[in-house]
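Novice: Model the following, please.
(one chain, ligands or ions: 1)
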Amino acid sequence: MTSQVRRPPSPPGLPLVGNFLAWLRDPFGIPERWAREHGDIVAMHAFGSTTLMLFAPDPVGELLVKNEASTRKSPLTRGMSCITGDSVVTITGEPWKRRRRLLDPAFRNAQLARYARIVRRHAERYADRWLATPPRDIHAETLEFMFDSLVDVLTDAPLGVDDRAILRRGFEVFWADFSSREFVALSQMTNGEPYRRLVTPRRWRQKRLLAEFDRIIGDLVRRAREAPGEDLLSALLPSVDRDGGLARHELHEDVITVILAAQETTAMGLTMALDLLARHPDVWARVQAEVDAIAGDLDDLAALPYTDAVAREALRLYPPLWGVAREAIAPFSLSGYSVVPGMLLVAAAWVIQRDPRWWGADALTFRPERWLEHNPNTRPRFAWFPFGAGPHLCIGMRFAMMEMVFALATWARRLRFHAESAPPALTTAVTVRPRHPMPLRITARAL
Ligand code: HEM
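Specialist: From the prediction side, this is the model:
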């Protein structure tokens, strides 16, 4: 008896490179076209490997929730461990469960309330700064805003100017390395392993930086131990100082990767929200009206439902991660197709979150109101998943939403944004980001 293997449709491609060059030319438009022309599950071929692209909510649930145990993180994500070590971001299975559980205390409600105060303080500071000196690139600004917030979330201890500069530069370098074509290509093709053994000037620089990071984080941990504060490191110390807890090197690896995972993604969420708001003054006026109705401090997220809808809508149209990727490690069936070990699968947030089937005829319009009108039973569960789904759901989701909402609300009290150029051209390498510096004119709000 022969078993019938159903194969998903595939766009026509070239010998060897398959569909890779088409995808590279336009990683936003081409997959949208594949979805229109070939359906909800499309096989993309490149260099002898197959990637299943998932363009509908149900297969996303099948991948990230139902069959999660038959998958691991993608070679690209795992490749990060060659640079910054294994971390909660790169691993799966039992070792991941342990790491994730040990990190949990840093993301509880009491901690988030403390982080929110830091976010609001920095948002005020950046409002002053933008009014004094018009920013030339709003994405560079939101990245720095995120860095400043994250460092203060990490530690209550004062950080010397030099160490701060080393961390800032270090995160820039790591991010640039992760987004480089060399790293993306090497980790896709080889699971990143040879990268571990490479000796190149870039690798030396990474090693030197990691040694500096170890010194700085080690010092901050020592100070948190001597005088525990309310910061993220102090929240993690009980997980370190016990049997089965985080080893010192694990703590360092997780701190570094959490900051990497948090900075670029949340900054991109803010960058695109500001760009959209600059193009939709009516929406900004409604955010301002919501904020004006609050007499005192902006410390209650529940009082800002419209601002929350703005953040969700920006993350819908511009998910900072184009998709969520996995590699199969055991066979399973997905919407009737056979998935075999080694196959890559990508849940395409960019395509699904812009699809009129789930979002209506105005799917491409920035309309935060849809979040306030929506009856949750009428939209499929995985039509919106900028933070992923299932057990690996972003650990920083509530942190990121809090940061976006409080930053926007703080700026709504004081600022107006004016778009003076066409919407930004975007690129995607690890994250979606603007291709060029993004000017944005900012003026004081006339009261
Ligand atoms: C708008 C901002 C953010 C977006 C869009 C985002 C997106 C995501 C997504 C899609 C995943 C799932 C990856 C996967 O399943 O392979 C993820 C995981 C993760 N995120 Fe975020 N993230 C954001 C902010 C943050 C923040 C602020 C933090 C920490 C403070 C953070 C830390 C992490 C970590 C540690 C993981 C790994 C979770 C795991 O595998 O258990 N992220 N994020």
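Novice: okay, now residue 347: neighbour count?
Specialist: 28 (other Cβ atoms under 10 Å). Every residue, glycine included, has its C-beta placed from N, CA and C.
Novice: And it, its phi and psi?
Specialist: Recorded main-chain torsions at residue 347 are phi -80, psi 110, according to degrees, to the nearest 10.
Novice: Closest approach to the ligand from this structure, which residue is it?
Specialist: residue 396 (2.1 Å; Cβ to the nearest ligand atom).
Novice: From residue 300, how far off is that residue?
Specialist: Noted for residue 396: a distance of 21 Å to residue 300, by Cβ to Cβ, to the nearest Å.
Novice: And residue 407, its phi and psi?
Specialist: phi -70, psi -50.
Novice: Just list the residues touching it, thanks.
Specialist: By Cβ atoms under 8 Å, 6 or more residues apart in numbering, the residues touching residue 407 are 119-120, 123, 145, 270.
Novice: Now, these that are in helices?
Specialist: If you go by DSSP state H, the contacts of residue 407 have 119-120, 123, 145, 270 in helices.
Novice: Dump those residues to TSV, plus neighbour count, pLDDT and distance to residue 256.
Specialist: Formatted as TSV, those follow (neighbours: other Cβ atoms under 10 Å; pLDDT from 0 to 100; distance: Cβ to Cβ, whole Å):
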residue	neighbour count	pLDDT	distance to residue 256
119	25	96	21
120	19	96	26
123	22	98	25
145	24	98	20
270	27	98	22
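Novice: Which pair in those residues has the greatest spatial separation?
Specialist: 120 and 270 (14.0 Å; Cβ to Cβ).
Novice: Geometric centre of the protein: which residue is closest?
Specialist: For the chain, residue 265 is the residue whose C-alpha lies nearest the centre (Cα atoms, centre = their mean; 3.5 Å).
Novice: Excluding covalently adjacent residues, which one is nearest to it?
Specialist: Once flanking residues are discounted, residue 265 sits nearest to residue 320: 4.2 Å by Cβ to Cβ, 6 or more residues apart in numbering.
Novice: where does the one you found fall, helix, sheet strand or coil?
Specialist: coil (DSSP: H, G, I helix; E, B strand; the rest coil).
Novice: Wait, it touches residue 261, no?
Specialist: No. With contact defined as Cβ atoms under 8 Å, residue 320 does not reach residue 261; the gap is 10.3 Å.
Novice: Those two: which is more packed in?
Specialist: Each of residue 320 and residue 261 has its neighbours counted (other Cβ under 10 Å); residue 320 has more, 24 against 20.
Novice: which residues touch that one?
Specialist: 264-266, 268-269, 386, 431-432.
Novice: Sort out for me which of the residues you listed are in helices.
Specialist: Going by DSSP H, the helices hold 264-266, 268-269 from the contacts of residue 320.
Novice: Any chance of CSV for those residues, columns pLDDT?
Specialist: CSV is the format used below for the ones in helices among the contacts of residue 320 (pLDDT from 0 to 100):
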residue, pLDDT
264, 95
265, 97
266, 98
268, 98
269, 98
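Novice: what does the stretch 151-300 of the chain have sitting close to the ligand?
Specialist: Applying Cβ under 6 Å from any ligand atom, one finds that the stretch 151-300 of the chain approaches the ligand through 258, 261-262, 265-266, 269.
Novice: Okay, now the unreliable bits of the stretch 101-250 of the chain?
Specialist: Along the stretch 101-250 of the chain, the model assigns pLDDT under 70 to residues 189-196.
Novice: swap in the stretch 251-400 of the chain?
Specialist: Applying pLDDT under 70 to the stretch 251-400 of the chain flags residues 376.
Novice: can you pull out the strands in it?
Specialist: Under the criterion DSSP state E, counting those that start in this stretch, strands of the stretch 251-400 of the chain are mapped to 324-328, 332-334, 337-339, 344-347.
Novice: List the strands paired with the third one, with their directions.
Specialist: Right, strand 337-339. Strand 337-339 sits in its sheet next to strand 332-334 (antiparallel), going by DSSP bridges.
Novice: coming back round to it: residue contacts, the residue nearest to the centre of the chain?
Specialist: Contacts of residue 265 by Cβ under 8 Å, 6+ apart are 320-321, 400, 431.
Novice: you'd agree residue 100 is up against residue 395?
Specialist: Yes. In this structure residue 100 lies within contact range of residue 395 using Cβ under 8 Å: 6.8 Å.
Novice: neighbour count winner among the two?
Specialist: residue 395 (19 against 15).
Novice: If we ignore the residues flanking it in sequence, what's nearest the more buried one?
Specialist: residue 107 (5.7 Å).
Novice: Please name the residues that touch the one you found.
Specialist: Residue 107 neighbours (Cβ under 8 Å, 6+ apart): 395-396, 398-399.
Novice: which two in those residues are spaced the farthest apart?
Specialist: Largest separation among the contacts of residue 107 by Cβ to Cβ: 395 and 398, giving 9.1 Å.
Novice: ok so, going back, between residue 396 and residue 300, who's got more neighbours?
Specialist: Legend: neighbour count by other Cβ under 10 Å for residue 396 and residue 300, higher for residue 396 (20 against 10).
Novice: The more buried one touches residue 262, doesn't it?
Specialist: Yes. Contact criterion Cβ under 8 Å: residue 396 and residue 262 qualify, at 5.3 Å.
Novice: thinking residue 237 is in contact with residue 225, fair?
Specialist: Yes. Here residue 237 reaches residue 225: they are 6.3 Å apart, a contact under Cβ under 8 Å.
Novice: Could you check which of the two has the larger neighbour count?
Specialist: residue 237 (18 against 13).
Novice: to the chain's geometric centre, what's the distance from the helix or strand harbouring that one?
Specialist: Following DSSP states H and E, one finds residue 237 within helix 232-240. Its chain's C-alpha centre and that of helix 232-240 lie 23 Å apart, by Cα atoms, centre = their mean, to the nearest Å.
Novice: for stretch 167-187, same thing?
Specialist: Going by Cα atoms, centre = their mean, where stretch 167-187 is centred and where its chain is centred differ by 15 Å.
Novice: how close does the closest residue to residue 314 other than its chain neighbours get to residue 16?
Specialist: Leaving aside its chain neighbours, residue 314 sits nearest to residue 273 (3.8 Å; criterion: Cβ to Cβ, 6+ apart). Using Cβ to Cβ, one gets 41 Å for the distance from residue 273 to residue 16.
Novice: Looking at these two, which one has more neighbours?
Specialist: When residue 273 and residue 16 are compared for neighbours, residue 273 comes out ahead with 29 against 10, by other Cβ under 10 Å.
Novice: residue contacts, that one?
Specialist: Contact analysis of residue 273 by Cβ under 8 Å, 6+ apart lists 310-311, 314, 404, 408.
Novice: where exactly do the helices run in the stretch 301-447 of the chain?
Specialist: Secondary structure of the stretch 301-447 of the chain (DSSP state H, counting those that start in this stretch): helices located at 305-317, 349-352, 356-359, 370-373, 397-414.
Novice: any chance of the contacts of residue 265 in a markdown table, plus distance to the ligand?
Specialist: Shown next, in a markdown table, are these (distance: Cβ to the nearest ligand atom, whole Å):
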| residue | distance to the ligand |
| --- | --- |
| 320 | 4 |
| 321 | 5 |
| 400 | 4 |
| 431 | 8 |
